[in-house]
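Give me the fold of what follows.
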Amino acid sequence: MKRRTFLSLSAGALTAQTAVRPNLLLIVADDLGYGDLACQGAKDMRTPHLDALRASGMNFANCYANCPVCSPTRTSLMSGRYPDRVGVQGVIRLRPEDNWGYLSPKAVLLPEILRKAGYATALVGKWHLGYEPHNLPTARGFDQFHGMLGGMVMDYYTHQGHQDTKPDMWDGTSPARPQGHCTDIFGQWAVNTLEGWKNERKPFFLALCFNAPHTPVQPKEDWLAKVKVREPGMSEKRAKIVALIEHMDDAVGKVLAELDRTGKRANTLVVFTSDNGGQCDQGASNGPWRGCKEDMYEGGIRVPGFASWPGRIAAGSSTERIQLSMDISVTLAEAAGVRYPGPVEGESALATWLGREQDAKPRDLFWSRREGNVRYMGKTIHAMRRGEWKLVHNSPFAPMELYNLRDDPYEKNDLAQKNRAKFLE
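Here you go, the predicted structure:
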């Protein structure tokens, strides 16, 4: 395998370091709440594979999605940018009258720069960044695509698209007709992709993007039965989402086992996160945080996040450094020895991941989402964080709120009127 010089931050200075370029595996859950893994505090959950993955590396104690809904966050994970800077202000949908985003052709995506640097690239699972020919995964840097283009399926077994009567399953640009539950399909497709790369001399980038536990919350019956036996007092709603997440954890375990079997695990940087907070009315838990998916409160944007890289990231480590989805993208790029050729708002945390001193420069952080329907009327909701202070505009028709996250991490005490000086700063 080729050796390449990459840059990492050490004590605030750039230093060159020679290393074998790592394989990159980015695993993204869909609507997974902050508190919906055993390692994230869920007492009613059994997620041994993701728990072990987190324990083998670094936990991101302050990990944030770039948006409380999926398309914008996925844009940031691929581009290293605030999503509205590259055209994705809200959810991308098939019907023009209900579409609130368009990924700019000028946006440079992570798989594009990795492929130019000699990486094999593949996406398995959910895309949700466009339906136009020039915005399909294989047109935006992925050598291979096996998955769904839209934001959800109406049924985990028939794979019917959200706004289409046809199944939303693809092999590149050709329709695919796999049989079975989406979680099994995506897990197996990821295993097959790794099997195909076992003799590949090039490093690889695999994005594995599950649609679980997004609605419809439709677990396999055997997984649901196991949960009900183990947790007899659990509500039906909670049992279903627990089963769906535990099934996803099992699929992750099979993918990691394939990495071990093919001898690739030792030099693979694995990152896990979610695209936004959990949907509370479907039984999800966002831990102690206020709010749910779609909210600008912490429960809508705080997500699980951790990275594992044997021999490079210390097992059992944790960081308080705030990291957004766009930071993860830029960090993966630096780990591979490449840079985005244009501007990015994301900041690399590679030195932090590797256990080195890294300055945390003060920066204002922003979240936004534009949406239609009677709740939003085509207007935008926002949040901004400056240090411990956070502005929240959770409805376009309600006043802005102000919270001090150091003193009030659960956003119970709105200080917009009590501290007008800070509010107007």
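
Mind jotting down where the helices sit in the stretch 51-200 of the chain?
Listed in chain order, the helices of the stretch 51-200 of the chain (DSSP state H, counting those that start in this stretch) span 70-79, 110-116, 182-196.

Tell me which of the ones you listed sits nearest to residue 335.
When the helices of the stretch 51-200 of the chain are ranked by proximity to residue 335, the top entry is helix 110-116, at 10.5 Å, counting by CB to CB. C-betas here are computed from N, CA, C, even on glycine.

Identify each buried residue in the closest one, please.
Under the neighbour-count criterion of 16 or more other CB atoms under 10 Å, helix 110-116 has 110, 111, 112, 113, 114, 115 buried.

From residue 135, how far out is the nearest residue to residue 306 once chain neighbours are set aside?
Spatial nearest neighbour of residue 306, chain neighbours left out: residue 54 (4.3 Å); criterion: CB to CB, 6 or more residues apart in numbering. In this view, residue 54 and residue 135 are 33 Å apart by CB to CB, to the nearest Å.

Those two: which is more packed in?
Set side by side, residue 54 and residue 135 show unequal neighbour counts under other CB atoms under 10 Å, the larger going to residue 54 at 25 against 18.

so that one makes contact with residue 39?
Yes: at 4.9 Å, residue 54 and residue 39 qualify as touching, with contact defined as CB atoms under 8 Å.

show me the contacts for residue 47.
Counting by CB atoms under 8 Å, 6 or more residues apart in numbering, residue 47 touches 37, 38, 39, 245, 246, 249.

and with 10 Å instead?
Remark: with contacts taken as CB atoms under 10 Å, 6 or more residues apart in numbering, residue 47 is in contact with 36-40, 53-54, 242, 245-246, 248-250, 252-253.

Starting from residue 137, give me the distance back to the spatially closest residue to residue 24 that is not a sequence neighbour.
In space, and not counting its chain neighbours, residue 24 is closest to residue 205: 4.4 Å by CB to CB, 6+ apart. The spacing between residue 205 and residue 137, counted by CB to CB, is 12 Å.

okay, and the common contacts of these two?
Here residue 205 and residue 137 have 111, 121, 122, 123, 143 as joint contacts, going by CB under 10 Å, 6+ apart.

could you dump those to TSV with pLDDT and distance to residue 353?
Formatted as TSV, the entries for the shared contacts of residue 205 and residue 137 read as follows, by pLDDT from 0 to 100; distance: CB to CB, whole Å:
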residue	pLDDT	distance to residue 353
111	98	21
121	98	21
122	98	23
123	99	23
143	98	26
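
before we move on, back to that, make CSV from the buried residues of helix 110-116 and add distance to residue 305 to it.
Listed next are the buried residues of helix 110-116 as CSV, based on distance: CB to CB, whole Å:
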residue, distance to residue 305
110, 16
111, 20
112, 24
113, 22
114, 20
115, 25
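
for the chain, which spans come out with low pLDDT?
Under the criterion of pLDDT under 70, the regions of the chain flagged as low confidence span 1-19.

can you tell me which helix in it is longest?
Taking DSSP state H as the assignment, the helix of the chain that covers the most residues is helix 236-261.

that older thread, I'd say the residue nearest to residue 24 and residue 124 touch.
No: counting by CB atoms under 10 Å, no contact exists between residue 205 and residue 124, whose distance comes to 11.6 Å.

where do the strands sit along the stretch 101-250 of the chain?
For the stretch 101-250 of the chain, the strands defined by DSSP state E, counting those that start in this stretch cover 120-126, 144-148, 170-171, 174-175, 204-209.

could you check the angle strand 204-209 makes with the host helix or strand of residue 326?
Under the criterion DSSP states H and E, the helix or strand holding residue 326 is helix 325-335. Inter-element angle recorded for helix 325-335 and strand 204-209: 160 degrees (by axes from the mean of the first three to the mean of the last three CA atoms, to 10 degrees).

orientation of helix 325-335 relative to helix 70-79 in degrees?
20 degrees.

Any idea how many residues pack against residue 57?
One way to gauge burial is a neighbour count; for residue 57, by other CB under 10 Å, it gives 23.

that older thread, can you show me the CA trace of the helix holding residue 326 as CSV?
Listed next in CSV are the C-alpha coordinates belonging to helix 325-335 (Å, rounded to 0.1, in the frame of the first residue of the first chain):
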residue,chain,number,x,y,z
SER,A,325,-21.2,16.6,11.0
MET,A,326,-19.1,19.0,8.8
ASP,A,327,-16.1,18.6,11.2
ILE,A,328,-16.3,14.8,10.8
SER,A,329,-16.0,15.1,7.0
VAL,A,330,-13.0,17.4,7.2
THR,A,331,-11.3,15.2,9.8
LEU,A,332,-11.8,12.1,7.6
ALA,A,333,-10.2,14.0,4.7
GLU,A,334,-7.2,15.0,6.7
ALA,A,335,-6.8,11.4,7.9
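
After that helix, which helix or strand is next? Please name it.
helix 350-353.

Give the other helices and strands that that next one contacts.
For helix 350-353, the contact count by 3 or more CB pairs under 10 Å, 6 or more residues apart in numbering; DSSP states H and E identifies strand 3-10, strand 58-64, strand 268-274, strand 305-308, strand 317-324, helix 325-335 as packing neighbours.

what comes up buried for the fifth one?
Residues 317, 319, 321, 322, 323, 324 are the ones in strand 317-324 that count as buried (16+ other CB under 10 Å).

hang on, isn't residue 402 packed against residue 389?
Yes: using CB under 10 Å, residue 402 makes contact with residue 389 at a distance of 6.9 Å.

ok, residue 256 touching residue 27?
Yes: Residue 256 lies in contact with residue 27 (CB under 10 Å); the separation is 9.3 Å.

hey, what's in contact with both of the two?
Jointly contacting residue 256 and residue 27 under the rule CB under 10 Å, 6+ apart are 50, 53, 190, 270.

between those, which is nearest residue 23?
Taking CB to CB as the measure, residue 23 lies nearest residue 270 of the shared contacts of residue 256 and residue 27, at 8.9 Å.

Mean neighbour count and distance to residue 413 added to the strands of the stretch 101-250 of the chain, as JSON lines?
Listed next are these as JSON lines, based on neighbours: other CB atoms under 10 Å; distance: least, CB to CB, whole Å:
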{"stretch": "strand 120-126", "mean neighbour count": "25", "distance to residue 413": "37"}
{"stretch": "strand 144-148", "mean neighbour count": "24", "distance to residue 413": "42"}
{"stretch": "strand 170-171", "mean neighbour count": "16", "distance to residue 413": "48"}
{"stretch": "strand 174-175", "mean neighbour count": "8", "distance to residue 413": "53"}
{"stretch": "strand 204-209", "mean neighbour count": "25", "distance to residue 413": "37"}
